[in-house]
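Undergrad: pasting a predicted model and its sequence here:
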Amino acid sequence: MDIREYIQSGIIESYVLGLADAEEAAELETLRATHPEIEQAIQTFENELEVSSMSHAVPVNPDLKSQLFNQLNLETPGSNYEAVDDPKVHKLESGGKTPFIKYLAAASIILFIISAGLNVYTYSKYKKVVGENRQLALQRDQLYAKNSSIQTRFNELGKNMQLISGPDMIKVALSGVPGKENSQAVVYWSKSNKDVYLIANALPQAPKGKQYQLWALLDGKPIDAGVLGDCNSVCKLKNIPNAQAFAITLENEGGSPTPNLEQLYVMGKI
């Protein structure tokens, strides 16, 4: 848990003002015992409340006392009335600012503080929801982009499969040589325009700095047919006018003018 983010979430203010639910309060009580920064944040907010209550104290209207006495059906001090030996009346008359009036002032300050705390708590929740919405929007955009990429690759694959399945294509299966029996590839060679296409999904991943290279064999001589680049399933390589067989070797990145027969992987005759 990110303690700093937790403190800034508004839970401290909600807890001190008594607005946190039972689960939130229990979690905070557990965390404050093991995280001094949470305890410090609680004490800091309590001190701020005390300072705020003192600085925002509202002077009592002098007429308020008379209004209260009228509401209570009591005579105001200074008028002609018989002394009543009642502790409640004496309590109301003592001190200029009665305790009851002080309670009203304190209640108004408490309501102000609670309102401020609610605003802080609500705003923190709002920011959290906004952040979650932004994250969902980002994930949605990423899914759209991924779907678009997949759709593009699917369309390209469909186009290539339609191309290599044409009636003028010669299919040449390349099988693994001894020691590399699990390696396989397929060459599609056009009889009309002599274009060469290769599907090499059954070749091992080329090591870093290495690249597979296709060779056309004619009268025992190898002809460079191109290196395998980053293509989706079907790779279009060089145009080969004539050939009797095809083979693939593993060469240094960028290709080689002559094949490394020690790194021969697959081979197949037409």
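TA: Here it is on my side, so go on. Source: prediction; values computed, not measured.
Undergrad: A helix includes residue 242, no?
TA: No - assessed with DSSP: H, G, I helix; E, B strand; the rest coil, residue 242 is coil; it does not lie in a helix.
Undergrad: residue contacts, the closest residue to it other than its chain neighbours?
TA: Setting aside the residues directly before and after it, residue 242 is nearest to residue 218 in space (Cβ to Cβ, 6 or more residues apart in numbering), at 5.8 Å. C-beta coordinates here come from the backbone N, C-alpha and C atoms, glycine included. With contacts defined as Cβ atoms under 8 Å, 6 or more residues apart in numbering, residue 218 is in contact with 242-244.
Undergrad: what's the pLDDT at residue 32?
TA: pLDDT, residue 32: 90.
Undergrad: what's near enough to touch it?
TA: Here residue 32 is in contact with 38-39, 42 (Cβ under 8 Å, 6+ apart).
Undergrad: got the domain ranges for the chain?
TA: 3-60+97-140, 169-269 (automatic domain parsing).
Undergrad: all helices for this protein, in order.
TA: For the chain, applying DSSP state H gives helices covering 3-8, 11-16, 22-34, 36-55, 64-71, 87-93, 99-164.
Undergrad: looking at these, which has the lowest confidence?
TA: Among these, helix 87-93 scores lowest, at a mean of 46.
Undergrad: does residue 239 touch residue 195 like I think?
TA: Yes - using Cβ atoms under 8 Å, residue 239 makes contact with residue 195 at a distance of 5.7 Å.
Undergrad: residue 235 against residue 201, yeah?
TA: No - assessed by Cβ under 8 Å, residue 235 is found out of contact with residue 201, at 10.4 Å.
Undergrad: which of those two has more residues huddled nearby?
TA: residue 235 (20 against 9; other Cβ atoms under 10 Å).
Undergrad: once you drop chain neighbours, what's closest to that one?
TA: residue 198 (4.8 Å).
Undergrad: partner residues bridging the one you found?
TA: Counting by DSSP bridges, residue 198 is bridged to residue 187, residue 235.
Undergrad: and residue 165, how far is that from residue 221?
TA: 31 Å (Cβ to Cβ, to the nearest Å).
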